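# here are the coordinates; sequence isn't available:
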């Protein structure tokens, strides 16, 4: 879609604009609110590639998400730019590889390390919420944030009008099964603590209720809802509505409750007459945490899971639905990523992106519409483990540099919420054709040496440029200083 430049605030001008300070910018917008679509992004935590019915789930059902796939588009090569929580969420919010915004690592409570300089998502970065605030949208974040826990990094200072949820992962609390150092886990309303150590069994229901309230309150107003479920990240929690509902066990029960939550949202949109004016995205932030065994999901037939640069760590489910705009029944094998949603949404609402602030995402509207079916918008996709570039995919080819990684190595994970210790393995240079070997099992590096050289050179150039262009994370004085 062509982006027309009008008397609109650019993303460049929004860097210093925060909630409550957008009046002057909004006064320049001439588009009526009734013509603007609504956007909902539902992002689960640690849900594996095979953890939906339409992706091959076993022993539990996801009827609402399966129906959502039938009514929209389902991606089979959807990649997160990171294999862990914080960097993946930074990519989704900013349209960038995490290294570009200097958030390559998982963040924890700042109070744990009083001798370190705390970091979070730089307020100068522009989030999806800030893109939409430029058009007068109401914005809400419900669920897990995990991009910094100091007030200046929380959602209400990153373009969201409201926030109800956790500042980081739900296992970062005193009941952690392998570490007892975490402080009490706060449930926040905005930047204020509502309660500590909330009941995990009620989180999915509470998030859903808050999301529905936001939708109903803004039925006459364009809105953006970011619903970031804490589940199925451990410790698992499920309400009595779904406890024992699946044959798989508690993990299946948790996914079935998330599926219920999606169904409640779609039902509410239909009741309010908003269904055909709302784009809904459903995806996960990274692959499954396999060491937790029966409390973890599955990435099969992909290799490994969360924390690795094998496809099981990065490739996740993704479904996008918008009746009347996105044709029903599509299955796309094109490689796209979570950082593509920011430029896609910006294009749909005609907010121009600033040329001086590079992002890595691409507008995938033509793919969602089924117009472009043959070519990925990304010539190559890069797999970082923290700040280290470990692998690249170009077309069907994926090259791994030599590196160590964690694995169950054929063993089983833990049970009942207690993990096992991973085995540490090493891979040499490894080249795979994912079209014929989705499980990355047959190393073709010796039979295709020219391809190895070509892809290694591609990685080296990209990594050098990325690190030169990287922008700083948000920093704050160490607590007590």
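Received, thanks. What you are looking at is a predicted structure, and each value in this text was computed from that prediction instead of being measured.
# And stretch 157-172, end to end?
23 Å (Cα to Cα, to the nearest Å).
# Following element in sequence after the lowest-mean-pLDDT helix or strand in the chain, please.
Every helix and strand in the chain was compared by mean pLDDT, DSSP states H and E; the lowest is helix 23-26, with a mean of 32. Once the chain leaves helix 23-26, the next helix or strand it forms, by DSSP states H and E, is strand 38-44.
# List the buried residues in the following helix or strand past that next one.
Sequence order places helix 63-70 as the next helix or strand after strand 38-44, per DSSP H and E. Within helix 63-70, the residues scored as buried using 16 or more other Cβ atoms under 10 Å are 64-69. Backbone N, C-alpha and C define where each C-beta goes, glycine included.
# Would you tell me what the next helix or strand after helix 63-70 is?
Per DSSP H and E, the helix or strand that comes after helix 63-70 is strand 73-75.
# From the rest of the structure, what touches that following strand?
The contact list for strand 73-75, computed with Cβ atoms under 8 Å, 6 or more residues apart in numbering, reads 54-55, 317-321, 326-327, 330-334, 336, 367-368, 370.
# Now with 7 Å, please.
Applying Cβ atoms under 7 Å, 6 or more residues apart in numbering, the external contacts of strand 73-75 come out as 54, 318-320, 326, 330-332, 336, 368.
# Which single one of the buried residues of helix 63-70 is nearest to residue 222?
Using Cβ to Cβ, residue 68 comes nearest to residue 222 of those, at 21.4 Å.
# which stretches of the stretch 351-481 of the chain form strands?
With strands called from DSSP state E, counting those that start in this stretch, the stretch 351-481 of the chain shows them at 381-385, 388-394, 397-400, 403-407, 423-427, 430-433, 474-475.
# what does the shortest one contact?
If I follow you right, that is strand 474-475. Here strand 474-475 makes contact (Cβ under 7 Å, 6+ apart) with 117, 119-123, 148, 152-153.
# partners of it in the sheet?
Strand 474-475 has these partner strands in its sheet, going by DSSP bridges: strand 119-120 (antiparallel).
# What is the subsequent helix or strand relative to the strand it pairs with?
Scanning forward in sequence from strand 119-120 by DSSP H and E, the next helix or strand is helix 128-133.
# got a list of contacts for the helix or strand just after that following helix?
Beyond helix 128-133 in the direction of the C-terminus, DSSP H and E gives the next helix or strand as strand 138-144. With contact meaning Cβ under 7 Å, 6+ apart, strand 138-144 is reached by 45, 129, 132-133, 155, 159-166, 169, 207, 210-211, 214, 218, 221, 223-230.
# In the sheet, which strands lie alongside strand 138-144, parallel or antiparallel?
Sheet partners by DSSP bridges: for strand 138-144, these are strand 162-166 (parallel), strand 223-228 (parallel).
# quick revisit: for ChimeraX, write a command that selects the buried ones of the contacts of strand 474-475.
Applied in ChimeraX, the following selects the buried portion of the contacts of strand 474-475 according to 16+ other Cβ under 10 Å:
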select :119,120,121,122,123,148,152,153
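# Now flag whichever of the contacts of strand 474-475 is closest to residue 355.
Using Cβ to Cβ, the contacts of strand 474-475 come closest to residue 355 at residue 122, 19.1 Å.
# Relative to residue 144, how far out is residue 88?
Distance, residue 88 to residue 144, using Cβ to Cβ, to the nearest Å: 11 Å.
# Which residue of these two possesses the greater neighbour count?
residue 88 (29 against 26; other Cβ atoms under 10 Å).
# Which of the helices or strands spans that one?
helix 85-94.
# Could you tell me the angle between that helix and strand 223-228?
Per axes from the mean of the first three to the mean of the last three Cα atoms, to 10 degrees, the angle that helix 85-94 makes with strand 223-228 is 170 degrees.
# Just checking the distance from helix 85-94 to the centre of its chain.
Centre-to-centre, helix 85-94 and its host chain are 6 Å apart (Cα atoms, centre = their mean, to the nearest Å).
# what angle sits between that helix and strand 38-44?
170 degrees.
# Could you give the average pLDDT over helix 85-94?
The pLDDT scores in helix 85-94 average 98.
# Against residue 305, how distant is the residue positioned nearest the centre of the chain?
Compute the mean C-alpha point of the chain, and by Cα atoms, centre = their mean the closest residue is residue 285, 3.8 Å away. Per Cβ to Cβ, residue 285 is found 13 Å from residue 305.
# distance of residue 269 from residue 40?
Residue 269 is 8 Å from residue 40, by Cβ to Cβ.
# what do those two both touch?
Shared contacts of residue 269 and residue 40, defined by Cβ under 7 Å, 6+ apart, comprise residue 278.
# what's the helix holding residue 88 in contact with?
Outside helix 85-94, the residues that reach it (Cβ under 7 Å, 6+ apart) are 43, 45, 80-82, 97-98, 101, 103-107, 121, 125-128, 146-147, 169, 285-286, 338-339, 341-342, 359.
# tell me the angle that helix makes with strand 381-385.
140 degrees.
# Point out where the chain drops to low pLDDT.
Along the chain, the parts satisfying pLDDT under 70 run over 1-34, 478-481.
# Helices of that one, start to end?
In the chain, the helices defined using DSSP state H lie at 11-14, 23-26, 63-70, 85-94, 128-133, 203-217, 250-271, 311-314, 341-348, 365-368, 449-469.
# gap between the last one and the chain center?
Just to be clear, that refers to helix 449-469. Here helix 449-469 is found 25 Å from its chain centre; the criterion is Cα atoms, centre = their mean.
# neighbouring contacts of it?
Here helix 449-469 has contacts from 97, 99-100, 358, 380, 382, 389, 392, 394, 397, 399, 429, 431, 445, using Cβ under 7 Å, 6+ apart.
# and those residues, which are buried?
Applying 16+ other Cβ under 10 Å to the contacts of helix 449-469 flags 97, 99-100, 380, 382, 389, 392, 394, 397, 399, 431, 445 as buried.
# In a markdown table: those, plus distance to residue 174.
Formatted as a markdown table, these follow (distance: Cβ to Cβ, whole Å):
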| residue | distance to residue 174 |
| --- | --- |
| 97 | 34 |
| 99 | 32 |
| 100 | 35 |
| 380 | 43 |
| 382 | 37 |
| 389 | 36 |
| 392 | 41 |
| 394 | 45 |
| 397 | 46 |
| 399 | 43 |
| 431 | 45 |
| 445 | 47 |
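# ok, which pair from those residues is furthest apart?
Greatest spatial distance among these (Cβ to Cβ): 100 and 445, at 28.7 Å.
# And residue 210, how far from residue 143?
Taking Cβ to Cβ, one finds residue 210 at 9 Å from residue 143.
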